[in-house]
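Visitor: Take a look and give me a structure for this.
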Amino acid sequence: MERAFPNRIEAGRLLAEKLEKYADRDDVIVLGLPRGGVPVANEVAERLRAPLDVFIVRKLGVPGFEELAAGAIASGGVRVLNQDVMRAIPHADQAIEAVTARETTELQRREQIYREGRPAPELRDRIAILVDDGLATGATMRAAVKALRQRGAAKIVVAVPVGPPDTCHEIEEQADETICLSTPEFFQAVGQYYDDFSQTTDEDVCELLGSSSQERPSSPE
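Guide: Numbering: from 1, shown residues only. Okay, the predicted model is just below:
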């Protein structure tokens, strides 16, 4: 197995080294995918001296096999489906509509909790750096990229510490730039590649976003 990252913070520092060309630009925003992507994104934003925000995406897990993604939804009503998985699910359309409704409620809950009254950032004509702690199927990241396209982002950069080669290649075809620091051939789960992969809580996310908004205010629109 390839070398693990000590934790999400160190992974973010290593990612930031690959993103130096975006430092000190007023058209850049760093977007973490909650929850685990936010500590990684915070390190990237801090080192690039760029504003940090969240972009909320929810996986649509297969009923009974929730870890398997049938697709994902993102802010703005975007939904991406994995047709290969959908074909294997009995009564797929009904099942996924029910999961979509439930996950939409959770997405809206997180929007309210994480923003704490702050408006969603303006993304049109900005360079959006999408950060997560790793890719597995890539469903949530694909949904995020699609949603950012709809929001008019000028350039979409996906930056992750680890992911399987095929998923990273797939994201490369959809984003404008993709950085995967590690692409192990025998990938099983993101958590394999971290010494410390402890859960990131809602409170952790709110704390990072709150301190970031005070230290690095968003560029005026």
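
Visitor: residues in contact with the longest helix belonging to the chain?
Guide: For the chain, the longest helix by residue count, based on DSSP state H, is helix 92-115. Residues external to helix 92-115 that are found in contact with it (C-beta atoms under 8 Å, 6 or more residues apart in numbering): 34, 54, 56-63, 70-71, 73-75, 79, 81, 86, 89, 120, 202, 205-206, 209. (Each C-beta comes from the backbone N, C-alpha and C, glycine too.)

Visitor: If we use 7 Å, what do you get?
Guide: 34, 54, 56, 58, 60-61, 63, 70-71, 73, 75, 79, 86, 89, 202, 205-206, 209 (C-beta atoms under 7 Å, 6 or more residues apart in numbering).

Visitor: cool, and stretch 186-198?
Guide: Contacts to stretch 186-198, defined as C-beta under 7 Å, 6+ apart, come from residues Met1, Glu2, Ala4, Phe5, Pro6, Asn7, Asp133, Gly134, Ala136, Val162, Pro164, Ser182.

Visitor: Which positions in the top strand by length along the chain come out as buried?
Guide: Assignment by DSSP state E gives strand 65-74 as the longest strand of the chain. For strand 65-74, the neighbour count (16 or more other C-beta atoms under 10 Å) marks Leu68, Ala69, Ala70, Gly71, Ala72, Ile73, Ala74 as buried.

Visitor: Would you enumerate the residues in contact with the third one?
Guide: Taking C-beta under 7 Å, 6+ apart as the criterion, Ala70 is in contact with Leu60, Val62, Leu81, Asn82, Val85, Met86, Ile89, Ile96.

Visitor: Give the ChimeraX command for selecting the buried subset of these.
Guide: If you want just the buried ones from the contacts of Ala70 in ChimeraX, going by 16+ other C-beta under 10 Å, the selection is:
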select :60,62,81,82,85,86,89,96
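
Visitor: pLDDT and secondary structure added to the contacts of Ala70, as JSON lines?
Guide: Formatted as JSON lines, those follow (pLDDT from 0 to 100; DSSP: H, G, I helix; E, B strand; the rest coil):
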{"residue": "Leu60", "pLDDT": "91", "secondary structure": "strand"}
{"residue": "Val62", "pLDDT": "83", "secondary structure": "strand"}
{"residue": "Leu81", "pLDDT": "88", "secondary structure": "strand"}
{"residue": "Asn82", "pLDDT": "83", "secondary structure": "coil"}
{"residue": "Val85", "pLDDT": "80", "secondary structure": "helix"}
{"residue": "Met86", "pLDDT": "82", "secondary structure": "helix"}
{"residue": "Ile89", "pLDDT": "79", "secondary structure": "coil"}
{"residue": "Ile96", "pLDDT": "89", "secondary structure": "helix"}
